[in-house]
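Asker: Need coordinates for the below:
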Amino acid sequence: MKITREDILHLAKLSNFSLSEDEIKSLGTDLENIIGYISELNELDTEGVEPTYQVFEMENVWRDDEIKEQEASREDLLNLTTESAQDQIKVPKVL
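Answerer: Predicted coordinates:
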């Protein structure tokens with residue numbers, strides 16, 4: 001599959017990237033190599049092979065959602081903090 005300059009510019013626009021001319025050429029080559037490698041999978045003989053949706057025998061394990069008594073009370077935990085306000089732990093602003 002041939003990747004055009006317009007394809008790369010479209011992908012860059014969707015990704016909100018600004019690319020130099022060298023990066024556009026390099027990315028075109030890289031994308032062609034990646035797509036070529038992946039297209040080799042079409043050559044595999046998968047006759048009689050069941051589709052695999054996950055490779056491990058896993059299933060969700062559910063438990064009842066229940067409130068359990070804790071060893072520490074709210075007051076004990078709040079007393080461990082340096083600052084609290086309105087029965088909540090006060091932390092520094094992130095933003």
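Asker: how about stretch 13-21 as PDB, C-alpha atoms only?
Answerer: Presented in PDB, the C-alpha positions along stretch 13-21 are these (Å, rounded to 0.1, in the frame of the first residue of the first chain):
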ATOM      1  CA  LYS A  13      -3.900  17.100  11.300                       C
ATOM      2  CA  LEU A  14      -6.100  14.500  13.100                       C
ATOM      3  CA  SER A  15      -3.300  14.000  15.700                       C
ATOM      4  CA  ASN A  16      -2.700  17.700  16.000                       C
ATOM      5  CA  PHE A  17       1.000  17.300  15.000                       C
ATOM      6  CA  SER A  18       3.100  19.600  13.100                       C
ATOM      7  CA  LEU A  19       5.700  17.800  11.000                       C
ATOM      8  CA  SER A  20       8.800  18.900   9.100                       C
ATOM      9  CA  GLU A  21       9.400  17.700   5.500                       C
END
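Asker: Can you list the buried residues in it?
Answerer: Across stretch 13-21, burial judged by 16 or more other C-beta atoms under 10 Å covers Leu19. The C-beta positions use only the backbone N, C-alpha and C, and glycine is treated the same way.
Asker: same check, this time on stretch 51-67
Answerer: Judged by neighbour count using 16+ other C-beta under 10 Å, stretch 51-67 contains no buried positions.
Asker: can you give me the helices in the protein?
Answerer: Applying DSSP state H to the chain gives helices spanning 5-15, 21-39, 74-79.
Asker: Identify whichever of those lies nearest to Glu66.
Answerer: Distance to Glu66, taken as C-beta to C-beta, is lowest for helix 74-79 among the helices of the chain, at 18.7 Å.
Asker: So what touches that closest one?
Answerer: 84, 87, 89 (C-beta atoms under 8 Å, 6 or more residues apart in numbering).
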